[in-house]
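Chemist: here you go, sequence then predicted model.
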Amino acid sequence: MNEVGKKELAFLLHNTWIVKENDVEQYYAIKHQLHTIKPFITEQLGSKLIVHPRFIKLEKVPIMAKNYMGIDNFEDPLEYVLLMLVLLYLEDKPAGEQFVLSWVADFIKTTALSLELDHMPNWDLTQHRKCLVKVIRYLTAISVIKVCEEEKISFIENAQADGLYQTTGISNYLVRILKNDIFKYQTVADFEEDEWMDQNIDKGEIRRYRIYRSLMYTPAVYHVDLLESDIDYIKKQRYKMKQDFEQYTDAELEVTKNMSIIFYPNVNQKQYFPNNKTISDVVLMVNYKLQNEIAAGTIRLDDNEIATVNKTYMERLLKELKDEKQFCLSKLHQKLPLEKFCREVLSYMEQYGFIEVCEHGYRLYPMIGRLVGTINEKKEEPYGEQINMFGGNDNETVHTG
(Lines give C-alpha, C1' and ligand atoms only; values in the text may rest on other atoms or scores of the structure.)
Protein backbone atom coordinates (compact mmCIF):
# COMPACT_ATOMS: atom_id res chain seq x y z
CA MET A 1 0.00 0.00 0.00
CA ASN A 2 1.46 3.38 -0.96
CA GLU A 3 1.94 6.24 1.49
CA VAL A 4 -1.06 8.11 0.07
CA GLY A 5 -3.33 5.16 0.88
CA LYS A 6 -1.99 5.09 4.45
CA LYS A 7 -2.73 8.78 4.79
CA GLU A 8 -6.31 8.40 3.59
CA LEU A 9 -6.97 5.41 5.85
CA ALA A 10 -5.61 7.39 8.81
CA PHE A 11 -7.97 10.25 7.89
CA LEU A 12 -10.93 7.87 8.01
CA LEU A 13 -9.79 6.45 11.34
CA HIS A 14 -9.37 9.84 13.01
CA ASN A 15 -12.54 11.56 11.82
CA THR A 16 -16.24 10.90 12.28
CA TRP A 17 -16.62 11.17 8.50
CA ILE A 18 -15.41 13.18 5.53
CA VAL A 19 -18.14 15.49 4.23
CA LYS A 20 -17.73 16.28 0.53
CA GLU A 21 -19.06 19.84 0.83
CA ASN A 22 -16.46 20.68 3.47
CA ASP A 23 -13.44 18.93 1.95
CA VAL A 24 -13.89 18.02 -1.69
CA GLU A 25 -10.20 17.28 -2.18
CA GLN A 26 -10.03 14.83 0.74
CA TYR A 27 -13.33 13.22 -0.26
CA TYR A 28 -12.08 12.38 -3.75
CA ALA A 29 -8.61 11.44 -2.49
CA ILE A 30 -10.23 8.73 -0.36
CA LYS A 31 -12.50 7.59 -3.21
CA HIS A 32 -9.46 7.23 -5.46
CA GLN A 33 -7.71 5.10 -2.83
CA LEU A 34 -10.64 2.82 -1.99
CA HIS A 35 -9.02 -0.09 -3.82
CA THR A 36 -6.02 0.08 -1.47
CA ILE A 37 -7.98 0.90 1.71
CA LYS A 38 -10.86 -1.55 1.44
CA PRO A 39 -8.94 -4.83 1.87
CA PHE A 40 -7.77 -3.88 5.37
CA ILE A 41 -11.18 -2.50 6.37
CA THR A 42 -13.14 -5.53 5.17
CA GLU A 43 -10.72 -8.42 5.72
CA GLN A 44 -8.94 -7.38 8.92
CA LEU A 45 -11.34 -5.00 10.69
CA GLY A 46 -14.61 -6.34 9.31
CA SER A 47 -15.87 -2.76 9.60
CA LYS A 48 -18.50 -1.01 7.51
CA LEU A 49 -17.37 1.65 5.04
CA ILE A 50 -20.14 3.94 3.83
CA VAL A 51 -19.41 5.74 0.56
CA HIS A 52 -22.23 8.26 0.07
CA PRO A 53 -22.53 11.03 -2.54
CA ARG A 54 -22.26 13.54 0.34
CA PHE A 55 -19.77 11.86 2.66
CA ILE A 56 -17.53 8.86 3.39
CA LYS A 57 -17.64 7.20 6.78
CA LEU A 58 -15.76 4.34 8.41
CA GLU A 59 -17.87 2.92 11.24
CA LYS A 60 -15.51 2.41 14.16
CA VAL A 61 -17.28 0.02 16.52
CA PRO A 62 -15.11 -1.15 19.45
CA ILE A 63 -15.31 -4.68 20.81
CA MET A 64 -15.57 -3.64 24.45
CA ALA A 65 -17.07 -0.45 25.89
CA LYS A 66 -14.79 1.60 28.13
CA ASN A 67 -15.47 4.57 30.41
CA TYR A 68 -13.38 6.95 28.31
CA MET A 69 -15.26 6.22 25.09
CA GLY A 70 -17.73 8.87 24.07
CA ILE A 71 -17.98 12.32 22.55
CA ASP A 72 -15.35 14.87 23.48
CA ASN A 73 -16.73 17.54 25.83
CA PHE A 74 -19.88 15.55 26.64
CA GLU A 75 -19.94 15.11 30.41
CA ASP A 76 -23.58 14.69 31.37
CA PRO A 77 -25.76 11.67 30.41
CA LEU A 78 -28.46 14.19 29.49
CA GLU A 79 -26.30 15.39 26.60
CA TYR A 80 -26.47 11.94 24.99
CA VAL A 81 -30.22 11.81 25.55
CA LEU A 82 -30.64 15.21 23.91
CA LEU A 83 -28.40 14.17 21.03
CA MET A 84 -30.64 11.20 20.25
CA LEU A 85 -33.77 13.35 20.49
CA VAL A 86 -32.34 16.00 18.15
CA LEU A 87 -31.41 13.28 15.66
CA LEU A 88 -34.96 11.96 15.96
CA TYR A 89 -36.23 15.45 15.17
CA LEU A 90 -34.00 15.62 12.08
CA GLU A 91 -34.77 12.09 10.93
CA ASP A 92 -37.18 12.82 8.09
CA LYS A 93 -36.01 16.32 7.22
CA PRO A 94 -34.45 16.72 3.74
CA ALA A 95 -31.18 18.52 3.09
CA GLY A 96 -31.58 22.28 3.15
CA GLU A 97 -34.67 22.43 5.36
CA GLN A 98 -34.48 25.16 7.99
CA PHE A 99 -35.70 25.08 11.57
CA VAL A 100 -35.42 27.17 14.72
CA LEU A 101 -34.06 26.13 18.10
CA SER A 102 -37.36 26.69 19.89
CA TRP A 103 -39.00 24.04 17.66
CA VAL A 104 -36.32 21.55 18.63
CA ALA A 105 -36.63 22.44 22.32
CA ASP A 106 -40.41 21.91 22.21
CA PHE A 107 -40.03 18.62 20.33
CA ILE A 108 -37.47 17.36 22.87
CA LYS A 109 -39.68 18.16 25.84
CA THR A 110 -42.81 16.62 24.27
CA THR A 111 -40.99 13.48 23.11
CA ALA A 112 -39.18 13.00 26.43
CA LEU A 113 -42.54 13.14 28.23
CA SER A 114 -44.22 10.71 25.84
CA LEU A 115 -41.31 8.25 26.14
CA GLU A 116 -41.20 8.71 29.94
CA LEU A 117 -37.42 9.08 29.88
CA ASP A 118 -35.34 8.89 33.04
CA HIS A 119 -33.45 12.04 32.00
CA MET A 120 -36.13 14.69 31.57
CA PRO A 121 -34.96 18.10 30.24
CA ASN A 122 -36.11 21.23 32.02
CA TRP A 123 -35.35 24.42 30.11
CA ASP A 124 -35.77 26.48 33.28
CA LEU A 125 -32.43 25.00 34.40
CA THR A 126 -29.29 26.64 33.04
CA GLN A 127 -27.39 23.33 33.11
CA HIS A 128 -29.99 21.65 30.90
CA ARG A 129 -29.93 24.53 28.41
CA LYS A 130 -26.14 24.30 28.39
CA CYS A 131 -26.42 20.59 27.53
CA LEU A 132 -28.63 21.33 24.52
CA VAL A 133 -26.26 24.04 23.29
CA LYS A 134 -23.35 21.57 23.50
CA VAL A 135 -25.32 19.11 21.39
CA ILE A 136 -26.11 21.79 18.79
CA ARG A 137 -22.42 22.81 18.72
CA TYR A 138 -21.37 19.18 18.26
CA LEU A 139 -23.81 18.59 15.39
CA THR A 140 -22.63 21.81 13.77
CA ALA A 141 -18.98 20.79 14.12
CA ILE A 142 -19.56 17.48 12.33
CA SER A 143 -21.75 19.11 9.64
CA VAL A 144 -25.08 17.50 10.54
CA ILE A 145 -26.56 21.00 10.73
CA LYS A 146 -25.48 24.48 9.69
CA VAL A 147 -25.92 27.72 11.60
CA CYS A 148 -27.90 30.27 9.60
CA GLU A 149 -28.47 32.86 12.32
CA GLU A 150 -28.11 33.00 16.10
CA GLU A 151 -29.15 35.67 18.56
CA LYS A 152 -26.44 37.51 20.45
CA ILE A 153 -27.90 36.27 23.71
CA SER A 154 -27.20 32.57 24.10
CA PHE A 155 -29.85 29.98 24.90
CA ILE A 156 -27.71 29.21 27.95
CA GLU A 157 -28.33 32.69 29.29
CA ASN A 158 -31.96 32.99 28.26
CA ALA A 159 -34.44 30.19 27.54
CA GLN A 160 -36.25 32.50 25.11
CA ALA A 161 -33.17 32.98 22.92
CA ASP A 162 -33.49 31.40 19.49
CA GLY A 163 -31.48 30.50 16.43
CA LEU A 164 -32.04 29.50 12.81
CA TYR A 165 -30.40 26.30 11.52
CA GLN A 166 -30.38 24.18 8.41
CA THR A 167 -30.09 20.42 8.09
CA THR A 168 -27.53 18.91 5.69
CA GLY A 169 -29.47 15.67 5.25
CA ILE A 170 -26.88 13.28 6.71
CA SER A 171 -28.13 12.99 10.29
CA ASN A 172 -29.51 9.47 9.75
CA TYR A 173 -26.00 8.13 9.19
CA LEU A 174 -24.45 9.36 12.44
CA VAL A 175 -25.64 6.49 14.66
CA ARG A 176 -24.92 2.93 13.57
CA ILE A 177 -27.84 0.65 12.78
CA LEU A 178 -28.12 -2.24 15.21
CA LYS A 179 -29.19 -5.67 14.01
CA ASN A 180 -31.71 -6.37 16.74
CA ASP A 181 -34.44 -4.68 18.76
CA ILE A 182 -32.57 -2.47 21.24
CA PHE A 183 -35.62 -2.28 23.51
CA LYS A 184 -34.79 -5.85 24.49
CA TYR A 185 -31.27 -4.90 25.54
CA GLN A 186 -30.67 -4.48 29.26
CA THR A 187 -26.87 -4.21 29.61
CA VAL A 188 -23.85 -2.74 27.83
CA ALA A 189 -22.82 -6.31 26.96
CA ASP A 190 -26.04 -6.69 24.95
CA PHE A 191 -24.95 -3.84 22.68
CA GLU A 192 -21.39 -5.18 22.46
CA GLU A 193 -22.68 -8.56 21.28
CA ASP A 194 -25.23 -7.18 18.79
CA GLU A 195 -22.91 -7.43 15.79
CA TRP A 196 -21.90 -11.03 16.52
CA MET A 197 -25.31 -12.36 17.50
CA ASP A 198 -25.66 -16.09 16.67
CA GLN A 199 -22.04 -16.25 15.44
CA ASN A 200 -19.03 -18.06 16.91
CA ILE A 201 -16.85 -15.22 18.23
CA ASP A 202 -13.77 -17.33 19.04
CA LYS A 203 -13.19 -18.79 15.58
CA GLY A 204 -12.59 -17.76 11.99
CA GLU A 205 -13.05 -14.28 10.62
CA ILE A 206 -15.08 -13.04 13.61
CA ARG A 207 -12.14 -13.67 15.90
CA ARG A 208 -9.85 -11.85 13.46
CA TYR A 209 -12.18 -8.86 13.28
CA ARG A 210 -12.40 -8.63 17.06
CA ILE A 211 -8.65 -8.72 17.57
CA TYR A 212 -7.77 -6.23 14.85
CA ARG A 213 -10.50 -3.82 15.99
CA SER A 214 -9.34 -4.05 19.58
CA LEU A 215 -5.83 -3.08 18.51
CA MET A 216 -6.98 -0.28 16.19
CA TYR A 217 -9.73 1.25 18.31
CA THR A 218 -8.26 1.04 21.83
CA PRO A 219 -4.92 2.25 23.25
CA ALA A 220 -3.86 -1.23 24.42
CA VAL A 221 -5.22 -4.76 24.46
CA TYR A 222 -4.72 -6.50 27.79
CA HIS A 223 -4.70 -10.27 27.55
CA VAL A 224 -6.66 -10.61 30.78
CA ASP A 225 -9.67 -9.22 28.86
CA LEU A 226 -9.32 -11.70 25.98
CA LEU A 227 -10.57 -15.20 25.37
CA GLU A 228 -7.95 -17.95 25.39
CA SER A 229 -8.57 -18.38 21.66
CA ASP A 230 -7.79 -14.67 21.12
CA ILE A 231 -4.46 -14.93 22.92
CA ASP A 232 -3.61 -18.04 20.95
CA TYR A 233 -4.42 -16.23 17.69
CA ILE A 234 -2.17 -13.27 18.58
CA LYS A 235 0.74 -15.57 19.48
CA LYS A 236 0.43 -17.60 16.28
CA GLN A 237 -0.42 -14.75 13.89
CA ARG A 238 1.70 -11.95 15.35
CA TYR A 239 4.07 -11.78 12.37
CA LYS A 240 1.21 -11.72 9.86
CA MET A 241 -0.50 -9.04 11.95
CA LYS A 242 2.71 -7.04 12.13
CA GLN A 243 2.96 -7.12 8.32
CA ASP A 244 -0.67 -6.01 7.96
CA PHE A 245 -0.25 -2.99 10.24
CA GLU A 246 2.99 -1.96 8.56
CA GLN A 247 1.46 -2.37 5.08
CA TYR A 248 -1.74 -0.41 5.68
CA THR A 249 -0.78 2.03 8.44
CA ASP A 250 2.27 3.68 10.00
CA ALA A 251 1.81 1.53 13.09
CA GLU A 252 4.02 -1.19 14.53
CA LEU A 253 2.74 -4.13 16.57
CA GLU A 254 4.24 -5.05 19.93
CA VAL A 255 3.22 -8.18 21.85
CA THR A 256 4.32 -8.89 25.41
CA LYS A 257 3.32 -11.54 27.91
CA ASN A 258 0.26 -9.64 29.12
CA MET A 259 -0.62 -7.06 26.48
CA SER A 260 -0.60 -6.24 22.78
CA ILE A 261 -0.44 -2.73 21.35
CA ILE A 262 0.16 -0.90 18.12
CA PHE A 263 2.17 2.31 18.23
CA TYR A 264 3.21 4.98 15.76
CA PRO A 265 6.96 5.62 16.14
CA ASN A 266 7.16 8.37 13.53
CA VAL A 267 3.88 10.18 14.16
CA ASN A 268 3.27 12.93 16.71
CA GLN A 269 -0.41 13.90 16.69
CA LYS A 270 -2.88 14.74 19.41
CA GLN A 271 -4.65 11.39 18.91
CA TYR A 272 -1.56 9.50 20.01
CA PHE A 273 0.44 9.35 23.21
CA PRO A 274 2.79 11.02 23.99
CA ASN A 275 1.85 14.16 22.10
CA ASN A 276 2.52 17.90 22.27
CA LYS A 277 0.03 18.61 25.04
CA THR A 278 1.65 19.46 28.35
CA ILE A 279 -0.67 17.05 30.16
CA SER A 280 1.10 14.33 28.20
CA ASP A 281 4.30 15.35 30.03
CA VAL A 282 2.46 15.13 33.35
CA VAL A 283 1.25 11.59 32.66
CA LEU A 284 4.77 10.45 31.72
CA MET A 285 6.00 11.72 35.09
CA VAL A 286 3.09 10.07 36.92
CA ASN A 287 3.96 6.78 35.22
CA TYR A 288 7.59 7.22 36.31
CA LYS A 289 6.55 7.66 39.93
CA LEU A 290 4.21 4.67 39.76
CA GLN A 291 6.93 2.54 38.20
CA ASN A 292 9.27 3.46 41.06
CA GLU A 293 6.58 2.50 43.56
CA ILE A 294 6.18 -0.85 41.81
CA ALA A 295 9.95 -1.44 41.80
CA ALA A 296 10.09 -0.64 45.52
CA GLY A 297 7.30 -3.12 46.26
CA THR A 298 4.89 -0.44 47.52
CA ILE A 299 2.54 -1.41 44.69
CA ARG A 300 2.16 -5.13 44.10
CA LEU A 301 1.35 -6.52 40.68
CA ASP A 302 -0.68 -9.65 40.05
CA ASP A 303 0.19 -12.34 37.50
CA ASN A 304 -1.20 -10.14 34.72
CA GLU A 305 1.03 -7.19 35.73
CA ILE A 306 -2.04 -5.33 36.98
CA ALA A 307 -2.40 -3.60 40.35
CA THR A 308 -5.21 -1.83 42.19
CA VAL A 309 -4.71 1.31 44.29
CA ASN A 310 -7.29 3.39 46.13
CA LYS A 311 -8.35 6.91 45.23
CA THR A 312 -6.54 8.48 48.19
CA TYR A 313 -3.24 6.91 47.13
CA MET A 314 -3.46 8.32 43.59
CA GLU A 315 -4.44 11.77 44.81
CA ARG A 316 -1.49 11.82 47.22
CA LEU A 317 0.90 10.78 44.44
CA LEU A 318 -0.45 13.49 42.14
CA LYS A 319 -0.16 16.12 44.90
CA GLU A 320 3.48 15.16 45.40
CA LEU A 321 4.17 15.45 41.70
CA LYS A 322 2.39 18.81 41.44
CA ASP A 323 4.45 20.17 44.33
CA GLU A 324 7.76 18.71 43.16
CA LYS A 325 7.47 19.51 39.44
CA GLN A 326 5.82 22.92 39.50
CA PHE A 327 8.57 24.41 37.35
CA CYS A 328 7.84 22.12 34.38
CA LEU A 329 4.03 22.21 34.53
CA SER A 330 2.07 24.51 32.26
CA LYS A 331 0.83 27.72 33.86
CA LEU A 332 -2.72 26.41 33.65
CA HIS A 333 -1.82 23.22 35.51
CA GLN A 334 0.18 25.16 38.10
CA LYS A 335 -2.87 27.28 38.96
CA LEU A 336 -5.38 24.46 38.79
CA PRO A 337 -6.84 23.43 42.19
CA LEU A 338 -5.61 19.99 43.25
CA GLU A 339 -9.03 18.36 42.87
CA LYS A 340 -9.38 19.54 39.27
CA PHE A 341 -5.74 18.74 38.52
CA CYS A 342 -6.29 15.15 39.71
CA ARG A 343 -9.51 14.84 37.74
CA GLU A 344 -7.83 16.11 34.57
CA VAL A 345 -4.78 13.85 34.83
CA LEU A 346 -6.65 10.70 35.85
CA SER A 347 -9.21 11.16 33.09
CA TYR A 348 -6.43 11.55 30.55
CA MET A 349 -4.65 8.46 31.87
CA GLU A 350 -7.83 6.44 31.53
CA GLN A 351 -8.35 7.71 27.99
CA TYR A 352 -5.00 6.24 26.95
CA GLY A 353 -5.39 2.92 28.74
CA PHE A 354 -2.97 3.43 31.63
CA ILE A 355 -5.61 3.13 34.35
CA GLU A 356 -9.27 2.29 34.76
CA VAL A 357 -11.75 3.31 37.43
CA CYS A 358 -12.85 0.31 39.46
CA GLU A 359 -14.84 -0.39 42.62
CA HIS A 360 -11.86 0.00 44.94
CA GLY A 361 -10.19 2.96 43.24
CA TYR A 362 -8.02 2.62 40.13
CA ARG A 363 -6.70 -0.38 38.26
CA LEU A 364 -3.15 0.18 36.96
CA TYR A 365 -2.28 -1.51 33.67
CA PRO A 366 1.06 -2.63 32.13
CA MET A 367 1.15 0.36 29.75
CA ILE A 368 2.35 2.41 32.72
CA GLY A 369 5.71 0.64 32.58
CA ARG A 370 6.10 1.15 28.85
CA LEU A 371 5.81 4.95 28.70
CA VAL A 372 7.57 6.88 31.47
CA GLY A 373 9.39 10.18 31.71
CA THR A 374 11.14 12.41 34.20
CA ILE A 375 12.90 15.76 34.46
CA ASN A 376 16.45 16.29 35.67
CA GLU A 377 15.84 19.66 37.24
CA LYS A 378 18.50 22.01 38.57
CA LYS A 379 18.18 22.01 42.35
CA GLU A 380 19.43 25.58 42.64
CA GLU A 381 16.68 26.83 40.35
CA PRO A 382 13.58 24.83 41.36
CA TYR A 383 11.23 27.35 39.79
CA GLY A 384 13.27 28.38 36.78
CA GLU A 385 12.30 28.27 33.15
CA GLN A 386 9.49 25.85 32.33
CA ILE A 387 10.45 22.68 30.50
CA ASN A 388 8.07 20.93 28.12
CA MET A 389 9.31 17.46 27.24
CA PHE A 390 7.28 17.28 24.05
CA GLY A 391 6.89 20.96 23.22
CA GLY A 392 3.55 21.34 24.98
CA ASN A 393 1.57 24.53 24.61
CA ASP A 394 0.87 26.53 27.76
CA ASN A 395 -2.17 28.05 26.08
CA GLU A 396 -3.98 24.77 25.51
CA THR A 397 -7.45 24.41 27.00
CA VAL A 398 -7.65 22.31 30.13
CA HIS A 399 -10.88 20.34 30.46
CA THR A 400 -11.68 19.89 34.12
CA GLY A 401 -14.96 18.05 33.78
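Modeler: Thanks, I have the structure now. Residues are numbered from 1 along each chain as shown.
Chemist: for the helix ranked longest in the chain, give me every contacting residue.
Modeler: Counting by DSSP state H, the longest helix found in the chain is helix 228-248. Applying Cβ atoms under 8 Å, 6 or more residues apart in numbering, the external contacts of helix 228-248 come out as 1, 5-6, 9, 37, 39-40, 44, 202-203, 207-208, 210-212, 215, 223, 226, 251-253, 255, 260, 262. For the C-beta atoms, the positions are set from N, CA and C on the backbone; glycine is no exception.
Chemist: go ahead and build a PyMOL selection from the buried members of those residues.
Modeler: Remark: buried members of those, expressed as a PyMOL selection using 16 or more other Cβ atoms under 10 Å:
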select buried, resi 1+5+6+9+37+40+44+207+208+210+211+212+215+223+226+251+253+255+260+262
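Chemist: could you pull out the helices in the stretch 301-401 of the chain for me?
Modeler: 311-324, 331-335, 338-351, 367-370 (DSSP state H, counting those that start in this stretch).
Chemist: I'd like the mean pLDDT over the one helix or strand residue 36 maps to, please.
Modeler: Per DSSP states H and E: residue 36 is located in helix 34-39. The average pLDDT within helix 34-39 is 93.
Chemist: thinking again about what came up before, next SSE downstream of the longest helix of the chain?
Modeler: strand 252-255.
Chemist: distance of the closest residue to residue 77 other than its chain neighbours relative to residue 210?
Modeler: Once flanking residues are discounted, residue 77 sits nearest to residue 119: 5.9 Å by Cβ to Cβ, 6 or more residues apart in numbering. Distance, residue 119 to residue 210, using Cβ to Cβ, to the nearest Å: 32 Å.
Chemist: go on, residue 273?
Modeler: Taken as Cβ to Cβ, the span from residue 273 to residue 210 is 23 Å.
Chemist: check residue 223 too.
Modeler: To residue 210, residue 223 is 14 Å away according to Cβ to Cβ.
Chemist: ditto for residue 277
Modeler: From residue 277 to residue 210 the distance is 31 Å (Cβ to Cβ).
Chemist: now do the contacts for residue 304.
Modeler: 222-224, 258, 366.
Chemist: all strands for the stretch 151-300 of the chain, in order.
Modeler: Here the stretch 151-300 of the chain has its strands, by DSSP state E, counting those that start in this stretch, at 163-167, 221-222, 252-255, 259-263.
Chemist: just give me the neighbour total for the nearest residue to residue 203 once chain neighbours are set aside.
Modeler: For residue 203, ignoring the flanking residues on the chain, the nearest one in space by Cβ to Cβ, 6+ apart is residue 229 at 7.0 Å. Around residue 229 there are 15 other residues, counting by other Cβ atoms under 10 Å.
Chemist: switch to numbering from 2
Modeler: That works, and once the first residue is 2, the last one we named lands at residue 230.
Chemist: burial check on residue 284, number of neighbours?
Modeler: By other Cβ under 10 Å, 24 other residues sit near residue 284.
Chemist: so what's the closest residue to it other than its chain neighbours up against?
Modeler: Nearest residue to residue 284, sequence neighbours excluded (Cβ to Cβ, 6+ apart): residue 350, at 5.6 Å. Counting by Cβ under 8 Å, 6+ apart, residue 350 touches 284, 287, 356.
Chemist: Throw those into TSV and include pLDDT and distance to residue 302, thanks.
Modeler: Below are these laid out as TSV (pLDDT from 0 to 100; distance: Cβ to Cβ, whole Å):
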residue	pLDDT	distance to residue 302
284	91	19
287	92	17
356	92	14
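Chemist: how far away is residue 45 from residue 38?
Modeler: Residue 45 is 11 Å from residue 38, by Cβ to Cβ.
Chemist: chain neighbours aside, what residue packs nearest to the residue nearest the centre of the chain?
Modeler: The centroid of the chain falls nearest to residue 70 when counting by Cα atoms, centre = their mean (4.7 Å). Nearest residue to residue 70, sequence neighbours excluded (Cβ to Cβ, 6+ apart): residue 63, at 6.5 Å.
Chemist: distance check, the one you found against residue 27.
Modeler: As for residue 63, its distance to residue 27 is 25 Å (criterion: Cβ to Cβ).
Chemist: ok, residue 360 next?
Modeler: 44 Å.
Chemist: show me which of the two is the more surrounded one.
Modeler: Between residue 360 and residue 27, residue 27 has the larger neighbour count (other Cβ under 10 Å), namely 18 against 6.
Chemist: is it true that the more buried one touches residue 18?
Modeler: No. Contact criterion Cβ atoms under 8 Å: residue 27 and residue 18 do not qualify, at 10.8 Å.
Chemist: give me the angle between whichever strand or helix holds residue 8 and helix 229-249.
Modeler: Assessed by DSSP H and E, residue 8 sits inside helix 4-15. With axes from the mean of the first three to the mean of the last three Cα atoms, to 10 degrees as the basis, helix 4-15 and helix 229-249 are set at 130 degrees to each other.
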